[in-house]
Every structure is written in C-alpha cells, then in structure tokens.
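K.L.:
coordinates for the following, if possible.
(2 chains)
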Amino acid sequence: QSVLTQPPSASGTPGQRVTISCSGSSSNIGSYAVNWYQQFPGAAPKLLIYDNNQRPSGVPDRFSGSKSGTSASLAISGLQSEDEADYYCGAWDDSLNGLFGGGTKLTVL
Amino acid sequence: QVTLRESGPALVKPTQTLTLTCTFSGFSLSASGMCVSWIRQPPGKALEWLARIDWDDDKYYSTSLKTRLTISKDTSKNQVVLTMTNMDPVDTATYYCARPSPCGGMTFDFWGQGALVTVSS
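P.N.:
Numbers count the residues shown, from 1 in each chain, chains lettered A, B, ... in the order given. All right, here's what the predicted structure looks like:
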C-alpha cells in the first residue's frame, strides 16, 4: 500500500474537466514538491507536472497541478481521448525515501 | 541530449542476486548536483522508488529494501549499477533508471526505457 494515496480510477467524457487527488502527510507532500507522471501501457512514465504546478515544455496547458497542505491535485481540462493513461504523483519524504502514489487509471468515456 | 538505458538479465532464479546497469549520456555524474535513481514497477502495479546515488557518492535506499540493495557508480563509464540480493518472484518488475533534477526531489525529467526482470525457477 502506497504512502501517497490516489484514487485507483477516474473517468470523464471528452471536453470535461477531471481532477486526480494525491494525499500524503506532513513528512512528504507537506514538506516537499509534488510531481505528476503520465504513463501509457508499455512505456516509461513521462514527467507531466513538477514543483507542484509547473509544466515541462511540451506539456499542454490543459494539464495543471496544485498543492494545499498535505494534498495535491492534478487537473485535466478539455479532456481528450489521448489523455487515457495512468497517472502517478511523487514526492520526497523526510525518511529520505522517494514516494509514489498508487496510480490512477484515467478512462475517457 | 540526455539518454539512459538499462541492461541486465531478463530472467533470474529465486535467491540469486540481480545486477542491473544504467548507462547514460548527456550529463556527467561527476558534475555537482547530478544524480541517478532506480525505480521499479511490477506488472500492472504502481511505481516504486528504490535508490539514488549522487555526484558526491551519497546514497539513499528504500527503507523497505535497503538490506538487499546496493547502488554504485562508475563515472568514467557513465554507468550506475544496482544490485539486489535474494531475489524473489515478487521482485518481478520492470526496472527503470531515471535522472532526478534536482537531486533532492522526485522530479525525474529523463527515464530509460525500462528492463523487465522476471524471477522464476
């Protein structure tokens, strides 16, 4: 069981806005930046959001991140079929361990 | 251009030791602020952070696996090696090496393609 808690699944229809949550504690999300990764089947994860709310170049501005206290969220607006993937949050921890969430499978209906 | 590539055996037997090599280019592990991490993902399951080695040879290990893991670097070859002892079928996973930037966090801007390791007799 992951220390960072994500819902196992999320869904939406094209054009909708979907949010995925990531819940942690004061020793991880509460103290360190949260990052989000997008992963397609058979591929390595791709950095989607870093430092809580920053987008690497090339990531559409439909993707946004936020953090408040010990929780973070990834929002996808204008949902598209190609957004169907697995999404993971990640953060460092005071125990000097890296942590990932359990992952959220996003389905575009 | 930064690239990373994992190499190692595709199949290991239970109780054996796994040795994986990450060969990278586009940066140097002798440069201040550089580091490399290992991450794994069992089939159909979540990512799991394993270890990190820094430019100054500082090393960090997953608390749950630290007794079984050793990470090392060869800066002259641009390689990072991960060994995991006493392999078990539950260790079957795709093993990735990735570059955290900056070192102290979980921002992995570049990943290898992954190496699938199956543990079976």
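
K.L.:
my guess is residue A:59 contacts residue A:48, does it?
P.N.:
Yes: at 5.9 Å, residue A:59 counts as touching residue A:48 under the criterion of CB atoms under 8 Å. Where C-beta positions appear, they are placed from N, C-alpha and C, glycine not excepted.

K.L.:
who's more crowded, the two?
P.N.:
The residue with more neighbours, out of residue A:59 and residue A:48, is residue A:48; 23 against 17, by other CB atoms under 10 Å in any protein chain shown.

K.L.:
for chain B, what's the nearest residue on chain A?
P.N.:
Nearest residue of chain A to chain B, counting by CB to the nearest CB: residue A:98, 3.3 Å away.

K.L.:
with adjacent residues omitted, what lies nearest to that residue?
P.N.:
Nearest non-adjacent residue to residue A:98, counting by CB to CB, 6 or more residues apart in numbering or on different chains: residue B:49, 3.3 Å away.

K.L.:
in three-state terms, label that neighbour for me.
P.N.:
strand (DSSP: H, G, I helix; E, B strand; the rest coil).

K.L.:
quick one: contacts for it?
P.N.:
Neighbour list for residue B:49: A:90, A:97, A:98, A:99, A:100, B:37, B:38, B:39, B:62, B:106 [criterion: CB atoms under 8 Å, 6 or more residues apart in numbering or on different chains].

K.L.:
now, the residues you listed that are in strands?
P.N.:
Applying DSSP state E to the contacts of residue B:49, the entries found in strands are A:90, A:98, A:99, A:100, B:37, B:38, B:39.

K.L.:
so how far is residue A:89 from the third one?
P.N.:
Okay, so that is residue A:99. To residue A:89, residue A:99 is 9 Å away according to CB to CB, to the nearest Å.

K.L.:
who's more crowded, the two?
P.N.:
Neighbours were counted for residue A:99 and for residue A:89 using other CB under 10 Å; residue A:89 has more, 33 against 25.

K.L.:
what sits closest to the more buried one if chain neighbours are left out?
P.N.:
Nearest residue to residue A:89 in three dimensions, chain neighbours excluded: residue A:22, at 3.5 Å (CB to CB, 6+ apart).

K.L.:
sorry, back to before: just checking, the residue of chain A closest to chain B touches residue B:106?
P.N.:
Yes: between residue A:98 and residue B:106 there is a contact at 5.1 Å, judged by CB under 8 Å.

K.L.:
need the overlap of contacts for the two.
P.N.:
Residues touching both residue A:98 and residue B:106 (CB under 8 Å, 6+ apart): A:90, A:91, A:92, B:49.
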